[in-house]
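Undergrad: predicted structure and sequence below. I'll ask about it afterward.
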Amino acid sequence: MVVTTVEKLEPLHLRKQWMNDLAQAVAFLESVDLAHGDLRPENVLLDRNRLKLSDFDCTAKIGTNYEACMAPYGRILNNNESDQGECGTPGFLGPRTEQFALGSLYYLMNYGFEVYGDRCLAEDPYEHGPKVVDLLQNMEFPKLDGNPLIDNIIDKCWHNKYATVSDLAAHTKTLLNERTDVKESNENRKKESSEVTTLVIPIFNERWRMIMGRIIHGICYRLGVWWRSLLQSVHGDATIIGRASGDNRDYVDQNCMEDEFLARKEFCQDLEKRGLLHALSSGEPEQIGFTFDWYRHSL
């Protein structure tokens with residue numbers, strides 16, 4: 001018993017591409033009234049991630065006797081298929097034989113082993129092959145529990161559900177369209193996420209500038225409070241001293257204090273002109289050297 005197995009499954013998108021490659025190739029032969037007649041792994045070539053058919057020795061017109069039938073890529077007819085040929089024979093070449101072979105090839109690609117190649121159907125290894133032939137003739141197939149879309153195609157191939165191979169090729173092509181749809185969906189999600197980010201960042205920056213503006217305004221306000229408190233203290237002390245001495249002359253050099261206040265004010269204005277507010281509001285808090293947290297308050 002010779003068993004063909006795959007060590008590792010290829011990526012799903014590549015398997016879908018391969019399924020379509022084979023279907024399109026066989027559909028082309030069908031369009032010129034030909035059937036390959038010997039679809040099996042040995043006659044499939046891999047060319048830079050694309051599959052191509054080879055070995056056309058058994059290629060013949062549709063309706064010709066199927067001579068190269070080999071399980072599990074071909075099956076002999078049972079009593080319910082008299083329209084396809086004589087019972088117990090492979091029947092005639094056509095959409096039935098071609099799509100059945102493709103279904104078994106698709107099974108190998110997506111499961112990693114041939115039909116019934118993952119089990120021993122008889123104690124004697126030499127009886128395994130004939131047992132597979134009997135099961136296929138009776139339309140008994142392995143359970144399909146893989147990708148639902150691919151399993152659907154395999155099942156329809158095995159049960160001769162496609163009127164033509166061209167119908168099968170049109171179906172496999174939708175697998176590629178599905179990949180495009182998924183890609184477009186992912187791109188749309190990324191675009192929506194980018195739009196949300198674009199919207200949120202200006203809002204964050206605006207709130208950040210507002211907070212820093214309030215901080216600077218608070219500093220200036222505190223400076224004003226300090227200045228008024230200082231003046232009141234100075235004026236109060238000056239009044240007491242003046243009354244005690246009988247002299248109305250101000251013993252405190254208010255000009256000096258005013259100069260100090262003006263100097264502080266000019267210093268703050270100079271910082272603002274040099275871009276302090278912009279520097280504080282243009283970056284993240286961590287870039288400036290401190291952090292803060294947002295809090296949401298609800299009643």
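TA: Received the coordinates, thanks.
Undergrad: OK, contacts around Leu12?
TA: Asn147 (CB atoms under 8 Å, 6 or more residues apart in numbering). To be clear about C-beta, it is placed using only N, CA and C from the backbone, and glycine gets the same treatment.
Undergrad: quick check: buried residues in stretch 144-160?
TA: Leu144, Ile150, Asp151, Ile153, Ile154, Lys156, Cys157, Trp158, Asn160 (16 or more other CB atoms under 10 Å).
Undergrad: and stretch 84-94, by the same measure?
TA: For stretch 84-94, using 16+ other CB under 10 Å, the buried residues are Gln84, Gly85, Pro90, Gly91, Phe92, Leu93, Gly94.
Undergrad: what does stretch 28-43 give?
TA: For stretch 28-43, by 16+ other CB under 10 Å, it's Leu29, Glu30, Leu34, Ala35, His36, Gly37, Asp38, Leu39, Arg40, Asn43.
Undergrad: need the contact partners of it.
TA: 4, 22, 26, 53-62, 64, 66-68, 70, 73, 93-95, 97-98, 101-102, 105, 108, 164-166.
Undergrad: of these, grab the buried ones for ChimeraX.
TA: This is the ChimeraX syntax for the buried subset of the contacts of stretch 28-43, where burial follows 16+ other CB under 10 Å:
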select :22,26,53,55,58,59,60,62,66,68,73,93,94,95,97,98,101,102,105,108,164,165,166
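Undergrad: just checking, which of the contacts of stretch 28-43 belong to helices?
TA: Counting by DSSP state H, those place Leu22, Val26, Pro95, Thr97, Glu98, Ala101, Leu102, Leu105, Leu108, Val165, Ser166 in helices.
Undergrad: Asn80: which of those residues is nearest?
TA: Thr97 (16.2 Å; CB to CB).
Undergrad: how close does that closest one get to Ser229?
TA: 103 Å (CB to CB, to the nearest Å).
Undergrad: ok, now Phe100?
TA: 98 Å.
Undergrad: tell me which of these two has more neighbours.
TA: Legend: neighbour count by other CB atoms under 10 Å for Phe100 and Ser229, higher for Phe100 (21 against 10).
Undergrad: pretty sure the more buried one contacts Tyr162?
TA: No - Phe100 lies out of contact with Tyr162 (CB atoms under 8 Å); the separation is 10.2 Å.
Undergrad: per-residue confidence at Glu123?
TA: Predicted confidence (pLDDT) for Glu123: 89.
Undergrad: list the contacts of it.
TA: Applying CB under 8 Å, 6+ apart, no residues qualify as near Glu123.
Undergrad: same question, Pro90
TA: Asn65, Tyr66, Glu67, Cys69, Gly74, Arg75, Ile76, Leu77, Thr97.
Undergrad: including distance to Asn177, could those go into JSON lines?
TA: As requested, the contacts of Pro90 are exported to JSON lines (distance: CB to CB, whole Å):
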{"residue": "Asn65", "distance to Asn177": "37"}
{"residue": "Tyr66", "distance to Asn177": "33"}
{"residue": "Glu67", "distance to Asn177": "37"}
{"residue": "Cys69", "distance to Asn177": "34"}
{"residue": "Gly74", "distance to Asn177": "30"}
{"residue": "Arg75", "distance to Asn177": "31"}
{"residue": "Ile76", "distance to Asn177": "36"}
{"residue": "Leu77", "distance to Asn177": "35"}
{"residue": "Thr97", "distance to Asn177": "28"}
